[in-house]
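Colleague: Pasting a predicted model and its sequence here:
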Amino acid sequence: QVQLVESGGGLVQAGGSLRLSCAASGSFVSINAMGWYRQAPGKQRELVARIRSGGTTSYAESVKGRFTISRDNAKNTVYLQMNSLKPEDTAVYYCNAQIKTYVSGWPTPNDYWGQGTQVTVSS
């Protein structure tokens, strides 16, 4: 069974930094794209950053220049370095990964989600 386990959230003052980590564990064939989403109270979940297995990255406009996504394929781990944090970055951050597992003997891709980690930025 595949699991995504996140760590690194917390409370920080505006202008500060946090680093989120998300490690995939279990039995799987391969991991394609990995990413981070966030959901603030009363708002829809939104994509923050995404990284493909080859390293290509994409970011939401609101975090460009402040956040950096990276991954360690050997550790099946994705990171989100968040700098110059703003109160509007406050949200629950979720890790997402497109992971291929064997289903009835065939490699089959599925989306997996972490449990979420709270990031709170005080003004």
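Modeller: Looks like it arrived, so ask away. Numbers count the residues shown, from 1 in each chain.
Colleague: which residues touch Leu18?
Modeller: In this structure, Leu18 makes contact with Gly8, Gly9, Gly10, Val12, Met82, Leu85, Val119, judged by CB atoms under 8 Å, 6 or more residues apart in numbering. Any C-beta I mention is one placed from the backbone N, CA and C, and that applies to glycine too.
Colleague: For the protein, which segments count as strands?
Modeller: With DSSP state E as the criterion, the chain has strands at 3-7, 10-13, 18-25, 30-39, 46-51, 57-59, 67-72, 77-82, 91-103, 106-113, 117-122.
Colleague: most packed of these?
Modeller: When the strands of the chain are scored by mean count of other CB atoms under 10 Å, the highest mean neighbour count falls to strand 77-82 (a mean of 22).
Colleague: any weak-confidence spans in this protein?
Modeller: Per-residue confidence of the chain (counting by pLDDT under 70) places no residue in a weak region.
Colleague: For the residue positioned nearest the centre of it, give its distance to Ser122.
Modeller: In the chain, the centroid-proximal residue (CA atoms, centre = their mean) is Trp36; its distance is 2.7 Å. Relative to Ser122, Trp36 is positioned 21 Å away (CB to CB, to the nearest Å).
Colleague: ok, now Thr90?
Modeller: Using CB to CB, which is the criterion applied here, Thr90 is 8 Å from Ser122.
Colleague: Spatially, and excluding backbone neighbours, which residue is closest to Ala14.
Modeller: In this structure, Ala14 finds its nearest non-sequential neighbour in Ser123, 5.3 Å apart by CB to CB, 6 or more residues apart in numbering.
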